[in-house]
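Q: structure for this input, please:
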Amino acid sequence: MSGDTSMMLVHNPDRDRYELWDRETFMGLVGYERDGDVYILLHTVVEEEYGQQGIARLLVSLVLTRMRLDGHKIRPVCSYVRRFLTRFPEYQLLVAAA
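A: Purely as a prediction, here's the structure:
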């Protein structure tokens with residue numbers, strides 16, 4: 001990953017996902033379903049060429065920060081998001097009550 005990136009998180013509600021882009025280059029996504037006001041986070045996918053570079057962690061942190069700013073709750077189904085929530089408990093407040 002070069003030092004002159006201009007990464008941007010894009011919400012793509014038509015495809016039920018948040019996407020991470022570096023200019024014109026797609027880097028990864030977090031897919032979801034909606035259950036009322038709760039976002040069920042289903043999977044995190046990072047393009048293979050960006051693997052092992054911290055992109056998944058960046059993507060999930062951006063998505064969860066966006067959810068927090070927008071006042072949304074989540075239900076983490078994605079195993080990566082679940083591990084992320086264990087490592088960064090400050091995001092636990094986003095998890096919807098069972």
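Q: pLDDT score assigned to Tyr80?
A: We have a pLDDT of 97 for Tyr80.
Q: and the next element down the chain from the lengthiest helix in the chain?
A: In the chain, assigned by DSSP state H, the helix with the most residues is helix 55-70. Next along the chain after helix 55-70, taking DSSP states H and E as the criterion, comes strand 73-76.
Q: restricting to C-alpha, output stretch 34-47 in CSV.
A: Taking C-alpha atoms only, stretch 34-47 is exported to CSV below (Å, rounded to 0.1, in the frame of the first residue of the first chain):
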residue,chain,number,x,y,z
ARG,A,34,-31.2,-4.8,7.7
ASP,A,35,-33.6,-6.0,10.4
GLY,A,36,-35.5,-2.9,11.2
ASP,A,37,-33.0,-0.4,12.5
VAL,A,38,-30.3,-3.1,13.1
TYR,A,39,-27.6,-3.8,10.6
ILE,A,40,-26.6,-7.5,10.5
LEU,A,41,-23.0,-7.5,9.5
LEU,A,42,-22.6,-10.6,7.4
HIS,A,43,-19.1,-10.7,5.9
THR,A,44,-15.9,-8.7,5.4
VAL,A,45,-14.1,-9.2,2.1
VAL,A,46,-10.8,-7.6,1.1
GLU,A,47,-9.3,-7.9,-2.3
